[in-house]
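> Task: produce atomic coordinates for the following.
(chains A and B)
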Amino acid sequence: MPATEVSARRTRHLRLAVRYAVLIGAAAVVLFPIYITIVDALLTPQQITHRPPTLFPTDPQWNTFVTAFRQGSLGIYLRNSAIVTFAIVALEVTTSVLAAYAFVFLKFPARKVLFFACLATLMVPGEATLIPNYQTINGLGLLNTFPSLILPFVASGIGIFLFRQAFLGFPPELRDAAQLDGCGHLKFLFRIVAPINRSVIAAFALFAFLSAWNQYLWPLVVTQTDSVRTVQIGLRQLSGANFSQFNVVFAGTILAALPIAILLLLFQRQLVAGLTAGAVKG
Amino acid sequence: MSARTLRRLREGALGYLLVLPALGAFGLFVFYPLVKTAYLGFFLAPPTPNLPSHYVGFHQYGQVLGSSEFVSDLGRTAFFVLLTVPTGIVIGLLLANLAHTKVPGIRAFRTIYSSTVATSTAVASVAFLTLLNPQIGVLSYLFGKAGGNGVLANPHWALPAVAMVTVWQNIGFTFILMSAALQSLPQEVLEAAKVDGASGSVRFRQIVLPLLSPILFFAAVIGVIGGFQSFGQIDLLTQGGPNHASLVLIYDIYQQAFQFNNPGYAAVLSIALFGILLVLTFVQFFFFQRRVSYASD
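Numbering: from 1, shown residues only, chains lettered A, B, ... in the order given. Prediction:
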């Protein structure tokens, strides 16, 4: 083997080794907070306070997760978050599909103006409507109920925008053909348009799920008791715990992140589409 | 009435029926409250909670927006944005570039780099709250005793610490965004540059970066807007303290409205925040539009 080839191969190996070293180093930095959170969830409170810190659980306390779920009310918080999130996603998808269909396939006066009104909602941040919305919910006697967490998020400007874009790509001849066959609008929507656009709908649903699950400010102001608190606000309650319960706090953070982590592992591909599309709203 | 007019009428009616749920919700929870917020700013909170509030017109707008407190809020918010947005983009771009290769096991690294998208603001903040705890936190142990009571209790370090948590939590999202952008680059151009003998760093600076400028612009815009709206991490980590050191605009709004019972004051701040976000979106859009290069040009 010629000497140049050997040295070329060496350089290649060396480069690969350096790349792996950097990849692993970066991974360690990104994962460090998650790793420590998991480790501390498995330690006893005494071990957590130990200096220097314990970086590996020799006697993992798995039942801390059970404690967090039961006494830390994580079970209730997760249930509440699930109820609220599923309701918001279902409502946002439904209202957006219906509106987008009307904007694309139906003719009615002021159609353009109404569509721009939907787009304009993208420019209004939740903070600009926070106080009157609180007053509205309070006036309706709905404070501290599930509807108070759901009602302001029944519709989504980004959903309408995305679905309209997708529906616009639908060949008009197909619509005409369907109409000739006596297929009414609603049948056409649910049998043909919606199924064909299911990937866009799924991507938006995933984005809507993430934003609803992760909401913080609104649930904070409208919930007052554990019976309706979402998991994000539940974590806030938990974070005030004293030293003897720090392991429960760590376990709680993991339990709160777990559903989303599982969801993301299952739908990695749709996530990219959903996040980049949804990110327009910021 | 002809059959055709009837059909058009029915079509129009169905159209309104289908847009009604969305527009009704927008009317009740977006447009009406937006106007109401502006209107609330005309009312001064009474000295004691049970008295009626007092109409003062634009007086309160002038007072609040001209106050040094408002300027300080803005300054701290801008500082927070400055700490989070460029850092976040650079880290995301570096990681995406690092993972943009075909070595064995790269998928595992990609999953790790995207992993923080699974965390919410509350999850990240509560985790870091304990990690930064001066008595038990592993991070505060590693950093040494910064200021005795930990970084979050230190007026100089509180906001940068909150920014660090924010940057960490956003790594996954920025990484996914930048990776998708890198993968969409025209491979022929990069190959051609490679054949022409351009080194890795030259290719990155002179070809990849200009091609990525639209996505960098996009990341900057949503980063700035997100920065102005960052609430959860402030609420969980510092509550605006110590001594107002991390009192950003949105946290001031929350405290005035829901803790100090001063909705008029908070409404003025909300309208200011709304205006800033609106202007920022437009200004950045027009400013960058002339400088970013689009691959399709």
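> what ranges do the helices span in the stretch 51-200 of chain B?
Taking DSSP state H, counting those that start in this stretch, the helices of the stretch 51-200 of chain B run over residues B:59-65, B:68-99, B:106-114, B:121-131, B:138-143, B:158-183, B:187-195, B:200-203.
> and the spatially most central residue of chain B, helix, strand or coil?
Nearest to the centroid of the C-alpha atoms of chain B, with distances taken as CA atoms, centre = their mean, sits residue B:226, at 0.6 Å. Three-state call for residue B:226 (DSSP: H, G, I helix; E, B strand; the rest coil): helix.
> same for the least confident helix or strand in chain B by mean pLDDT, what does it pack against?
Across the helices and strands of chain B, mean confidence by mean pLDDT, DSSP states H and E is lowest for helix B:138-143: a mean of 78. Helix B:138-143 sits against helix A:3-42, helix B:121-131, with contacts defined as 3 or more CB pairs under 8 Å, 6 or more residues apart in numbering or on different chains; DSSP states H and E. Quick note: C-beta positions are derived from backbone N, CA and C, even for glycine.
> So the nearest residue to residue B:209 once chain neighbours are set aside: helix, strand or coil?
Nearest residue to residue B:209, sequence neighbours excluded (CB to CB, 6 or more residues apart in numbering or on different chains): residue B:216, at 7.9 Å. Under three-state DSSP, residue B:216 falls in the helix class.
> Give me the number of neighbouring residues for residue B:216.
Counted with other CB atoms under 10 Å in any protein chain shown, residues neighbouring residue B:216 total 19.
> I'd say it and residue B:89 touch.
Yes: under the criterion of CB atoms under 8 Å, residue B:216 makes contact with residue B:89 at 6.4 Å.
> in chain A, which ranges drop under the pLDDT threshold?
Along chain A, the model assigns pLDDT under 70 to residues A:1-3, A:242-243, A:272-282.
> Kindly report the domain assignment for it.
Listed by automatic domain parsing, the domain ranges of chain A are A:3-61, A:73-281.
> Tell me which of these lies nearest to residue B:45.
With CB to CB as the measure, domain A:73-281 is the member of the domains of chain A nearest residue B:45 (12.0 Å).
> What number of residues are in the vicinity of the closest residue to residue B:65 other than its chain neighbours?
Once flanking residues are discounted, residue B:65 sits nearest to residue B:272: 6.1 Å by CB to CB, 6+ apart. Neighbourhood size, residue B:272 [other CB under 10 Å]: 20.
> Figure out the helix or strand that the residue nearest in space to the middle of chain A lives in.
Residue closest to the average C-alpha location in chain A (CA atoms, centre = their mean): residue A:210, at 0.7 Å. Assessed by DSSP states H and E, residue A:210 sits inside helix A:198-214.
> List the residues that contact the closest residue to residue B:171 other than its chain neighbours.
In space, and not counting its chain neighbours, residue B:171 is closest to residue B:116: 4.9 Å by CB to CB, 6+ apart. Contact analysis of residue B:116 by CB atoms under 8 Å, 6 or more residues apart in numbering or on different chains lists A:30, A:34, B:124, B:168-173.
> Run through the neighbouring helices and strands of the helix holding residue A:210.
helix A:74-105, helix A:157-168, helix A:231-239, helix A:246-266, helix A:268-278.
> Output the following helix or strand past it in CSV with nothing but the alpha carbons.
Downstream of helix A:198-214, the first helix or strand assigned by DSSP H and E is helix A:217-222. What follows is helix A:217-222, C-alpha atoms only, in CSV (Å, rounded to 0.1, in the frame of the first residue of the first chain):
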residue,chain,number,x,y,z
LEU,A,217,-50.3,32.2,30.9
TRP,A,218,-54.0,31.7,30.2
PRO,A,219,-54.4,28.5,32.3
LEU,A,220,-52.5,30.3,35.1
VAL,A,221,-55.0,33.1,35.3
VAL,A,222,-58.2,31.1,34.9
